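Undergrad: please find the sequence and the predicted model below.
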Amino acid sequence: MAVPVHRRLAAIMAADIVGYSRLMEADEAATLAAIKDLRCAVIDPLLVEHHGRIVKLMGDGAIVEFGSVVDAVACAVAVQKGCEARQTERPGGRRIVFRIGVNLGDVVVEGEDLLGDGVNVAARLEQLCSPGGILISGTVFDQLQGKIDRLTLDYAGDQHVKNIARPVRTYNVRQDGGGRPWRLRMRPHLSEMRWAAAILTVLVLAGAGWWWLAAGEPMRARASIAVIPFDNLGGDEATGRLADGVTDDIITDLARFRDLEVIARHSTMIYKGKPIDARVIGSDLNVRFVLEGSVQREGSRVRVAAQLVDAKSAAHLWSERWDRPDQDVFAIQTELAQLLAAKLGGYTGTITLSDRDAARRKRPSDLNAYDLYLLGIEAKHRETKESLTEAIQLLKRSIEIDPKFARAWTGLSWSYAMMAGRAENIAELTALQLDAARRAAELDPLDAEAHAAFGSALGMTGDLQQASSELRHAVSLNPNSADILTFYAGWASAFGDVGPGVEAAERAIRLNPESPNWAIAQYRYAFFMAGRYEEALQLQRQRPKQGFARADHAYLAAILAALGREEEAHTAVAEALAQFPDLSIEGFAGGPEWSEAERHRFIETMGKANFPPCASEAVLKARPDLVRLPECIQS
């Protein structure tokens, strides 16, 4: 006899702590104490007040049931405001910040537990929510009308969420402040006909200008892509499994790149085995790019082909084919997915380059935050003092348009760091670098590059322990990104990870053989610290001399001296001092960003090259934190 299934309609609130693992790793005791304090002082009293029942608790979050959507949303708002007010004295990087998703749906009751799509959608909304925010479903939105005040609900689009066939209509809860009378204000979903007449009336009265803005394509903070299931050209089940595996792995690896918006697999499965029309798919899924491909076996080899298509024009942007021995299917699957993700994602990825070209073609007045970010990064990578000044200006403009755009803050941090290598106000630029990186990591705790930038900035201040934690966390968030591996490789020696640093550099080069100029600088340093001087010199020679920063001059001379090519090293020192007259062993190697092993390597090799040992009075005045050489300290 079948066991009856008990169902009911419930409002579900899903909440989790942003950056929980990072907080626990940094200070487990303090984090647990802070969570306990918030529960006792803020969360539990609010749950009682709004009639909420905790269904289950996880280390970093909770599922809560409410009898009404009004109670659920009112409680979510009160929790966010209460937690923020409770932590005003706590440092920004150590605050407990929640994401909250709220859904109204059918649930299955199993004892005290709740299951089903009603719970699953709430959990997916929480994952899509921004730190400190509240994201609600369309079912909640529909029930709120006329029942709650003090809120503005901004339409956030139809979201494709895991294991849910239909897109979920979503709205951000904007938590306005102030003492004026508040009422429910809703930004309508323009496709709903009940709003159309009122909107049309407003547009006629206000003129066509607003309509032009509203009807245009919404600004995206990330490029969007749909990965269509790869075709099985062999027709057999084994090749079919490999094709599905390659598709899944590509989606997983691409999703780690926070500059890409990747459509979930279940939303693209409907196109499996069907003729591909990129324009139709782009319109259906609201994406800019479509990736399609195929897998086939030929004798003892496997051939995988892939191509990227612009969903607007159906133009083919990039294609490639790989042939591998048919020995380890899973190794082939993993390798190809990693190579494809590295080719498409990141600074030098095909998608970013395509978006950058499109931004260049726009009129300056039409540039949005994402366009300005792309152009700023392009300017940064030209690596001259003038281009870095331009990059900083562009990225600041991007942030003015969208202050919560984490990627722009990350790019700004890197720009300040690179400018510090070409300017004299190093301490000021390092402080700006740290502030921008911290903002990026707080705004998007899941962005690997934000953590890499934060780790680099912490390293420049001498906090090598925390820098190591942030950079390792960055690698854990996106282990197949050539960019992230490159950032780690440049700092690994400071953490005593000389061998792992070289391994990261070699893997990054394998993932992206056409390494950009800024990446070559990091690989050069990893090989230099490993004592692989010939390879370090080859990499240094690839750096354009007209763009040499202070460090380039120091490394070139030090590497030549380590190789015993002292005459060339002396010439390199003369060129360095002509560009940077204050460059000295003490001034370069005495910074807080170096470990003792690194400092000793520079003292030895820069000494052989014949650099002046002691820092000038001007440098000492500007950088009082320098570690002095014994021979430079006057008695």
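TA: In hand now; what should we look at?
Undergrad: phi, psi of the closest residue to Pro229 other than its chain neighbours?
TA: Using Cβ to Cβ, 6 or more residues apart in numbering and skipping residues adjacent in sequence, the residue nearest Pro229 is Lys272, 4.0 Å away. Where C-beta positions appear, they are placed from N, C-alpha and C, glycine not excepted. Here is the backbone geometry of Lys272 (degrees, to the nearest 10): phi -60, psi 130.
Undergrad: try Gln296
TA: Main-chain dihedrals, Gln296, degrees, to the nearest 10: phi -150, psi 160.
Undergrad: which residues touch the nearest residue to it once chain neighbours are set aside?
TA: Nearest residue to Gln296 in three dimensions, chain neighbours excluded: Leu233, at 3.7 Å (Cβ to Cβ, 6+ apart). Under the criterion of Cβ atoms under 8 Å, 6 or more residues apart in numbering, the contact list for Leu233 reads 239, 294-296.
Undergrad: try Val55
TA: Going by Cβ under 8 Å, 6+ apart, Val55 touches 12, 62-65, 112-114, 119.
Undergrad: one more: Ala622?
TA: Residues in contact with Ala622 (Cβ under 8 Å, 6+ apart) are 424-427.
Undergrad: so which of the residues you listed comes closest to Leu394?
TA: Ranked by distance to Leu394 (Cβ to Cβ), the contacts of Ala622 are led by Asn425 at 20.6 Å.
Undergrad: what residues are up against the closest one?
TA: Neighbouring residues of Asn425 by Cβ under 8 Å, 6+ apart: Ala622.
Undergrad: quick revisit: please list only the buried members of the contacts of Val55.
TA: With burial judged by 16 or more other Cβ atoms under 10 Å, the buried subset of the contacts of Val55 is 12, 62-65, 114, 119.
Undergrad: hmm, back to that, check whether the residue nearest to Pro229 really touches Phe230, as I assumed.
TA: No - in this structure, Lys272 is not within contact of Phe230 by Cβ atoms under 8 Å, at 9.1 Å.
Undergrad: quick one, which of these two is more surrounded?
TA: Taking other Cβ atoms under 10 Å, Lys272 and Phe230 do not tie; Phe230 has more neighbours (26 against 14).
Undergrad: quick check on the more buried one: phi, psi?
TA: Dihedral angles for Phe230 - degrees, to the nearest 10 - are phi -60, psi 140.
Undergrad: distance check, it against Arg8.
TA: 42 Å (Cβ to Cβ, to the nearest Å).
Undergrad: try Arg303
TA: 53 Å.
Undergrad: between these two, who's got more neighbours?
TA: Taking other Cβ under 10 Å, Arg303 and Arg8 do not tie; Arg303 has more neighbours (16 against 12).
Undergrad: hang on, the earlier thing: now intersect the buried ones among the contacts of Val55 with the strands, please.
TA: Among the buried ones among the contacts of Val55, DSSP state E puts 12, 62-65, 114 in strands.
Undergrad: could you identify the most distant pair in those residues?
TA: Greatest spacing in these, by Cβ to Cβ: Ala62 and Leu114 (12.3 Å).
Undergrad: so can I have a markdown table of the contacts of Leu233 showing secondary structure?
TA: Shown next, in a markdown table, are the contacts of Leu233 (DSSP: H, G, I helix; E, B strand; the rest coil):
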| residue | secondary structure |
| --- | --- |
| Thr239 | helix |
| Ser294 | strand |
| Val295 | strand |
| Gln296 | strand |
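Undergrad: for the residues you listed, work out which two are farthest apart.
TA: Spatially, the most separated pair among the contacts of Leu233 is Thr239 and Ser294, at 9.8 Å (Cβ to Cβ).
Undergrad: got any residues that touch both of those two?
TA: Counting by Cβ under 8 Å, 6+ apart, the shared contacts of Thr239 and Ser294 are 232-233.
Undergrad: export stretch 400-415 as PDB, just CAs?
TA: Presented in PDB, the C-alpha positions along stretch 400-415 are these (Å, rounded to 0.1, in the frame of the first residue of the first chain):
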ATOM      1  CA  GLU A 400      30.400  55.600 -10.400                       C
ATOM      2  CA  ILE A 401      27.700  54.000 -12.600                       C
ATOM      3  CA  ASP A 402      27.500  50.800 -10.600                       C
ATOM      4  CA  PRO A 403      29.200  51.000  -7.100                       C
ATOM      5  CA  LYS A 404      28.500  47.300  -6.500                       C
ATOM      6  CA  PHE A 405      30.300  46.100  -9.600                       C
ATOM      7  CA  ALA A 406      32.900  43.900  -7.900                       C
ATOM      8  CA  ARG A 407      34.900  43.300 -11.100                       C
ATOM      9  CA  ALA A 408      35.500  47.000 -11.600                       C
ATOM     10  CA  TRP A 409      36.900  47.300  -8.000                       C
ATOM     11  CA  THR A 410      39.200  44.300  -8.700                       C
ATOM     12  CA  GLY A 411      40.500  45.900 -11.900                       C
ATOM     13  CA  LEU A 412      41.000  49.200 -10.100                       C
ATOM     14  CA  SER A 413      43.100  47.400  -7.400                       C
ATOM     15  CA  TRP A 414      45.300  45.700 -10.000                       C
ATOM     16  CA  SER A 415      45.700  49.100 -11.800                       C
END
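Undergrad: can you list contacts of that stretch?
TA: Contacts of stretch 400-415 (Cβ under 8 Å, 6+ apart): 130, 221, 258-259, 368-370, 372-373, 376-377, 380, 388, 391-392, 395-396, 398-399, 433-434, 436-437, 439-441, 443-444, 447, 449-450, 453-454, 456-457.
Undergrad: likewise for stretch 22-35?
TA: Outside stretch 22-35, the residues that touch it by Cβ under 8 Å, 6+ apart are 17, 20, 87, 90, 94, 96, 445, 451, 466, 469-470, 473.
Undergrad: do that again at 6 Å, thanks
TA: 96, 469, 473 (Cβ atoms under 6 Å, 6 or more residues apart in numbering).
Undergrad: distance between the ends of that stretch?
TA: Start to finish, the residues bounding stretch 22-35 are 14 Å apart (Cα to Cα, to the nearest Å).
Undergrad: same deal with stretch 543-558?
TA: This stretch, stretch 543-558, spans 16 Å end to end (Cα to Cα).
Undergrad: go through it and flag the buried ones.
TA: 543, 548-558.
Undergrad: run the chain-centre distance for stretch 623-633.
TA: On the basis of Cα atoms, centre = their mean, to the nearest Å, stretch 623-633 is displaced by 38 Å from the centre of the chain it belongs to.
Undergrad: for it, give the mean pLDDT please.
TA: Stretch 623-633 comes out with an average pLDDT of 88.
Undergrad: over to stretch 68-87?
TA: The model assigns stretch 68-87 a mean pLDDT of 90.
Undergrad: now do stretch 561-577
TA: Here the average pLDDT along stretch 561-577 is 94.
Undergrad: wait, what's in contact with Asn480?
TA: Counted by Cβ under 6 Å, 6+ apart, Asn480 has contacts 253, 338, 341.
Undergrad: would you mind giving those residues as a markdown table with distance to Thr605 added?
TA: Below are the contacts of Asn480 laid out as a markdown table (distance: Cβ to Cβ, whole Å):
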| residue | distance to Thr605 |
| --- | --- |
| Asp253 | 39 |
| Gln338 | 35 |
| Ala341 | 38 |
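Undergrad: can you pick the most crowded of the residues you listed?
TA: Among the contacts of Asn480, Ala341 has the most neighbours (other Cβ under 10 Å), with 27 neighbours.
Undergrad: domain parsing for the chain?
TA: Split into domains by automatic domain parsing, the chain comes to 6-183, 189-216, 223-346, 434-632.
Undergrad: which of the ones you listed comes out lowest on mean pLDDT?
TA: Note on those: domain 189-216 shows the lowest mean pLDDT, a mean of 35.
Undergrad: which one of the buried residues of stretch 543-558 is nearest Leu485?
TA: Scanning the buried residues of stretch 543-558 for proximity to Leu485, where the rule is Cβ to Cβ, the winner is Arg543, at 19.2 Å.
Undergrad: give me the distance between the closest one and His553.
TA: Distance, Arg543 to His553, using Cβ to Cβ: 11 Å.
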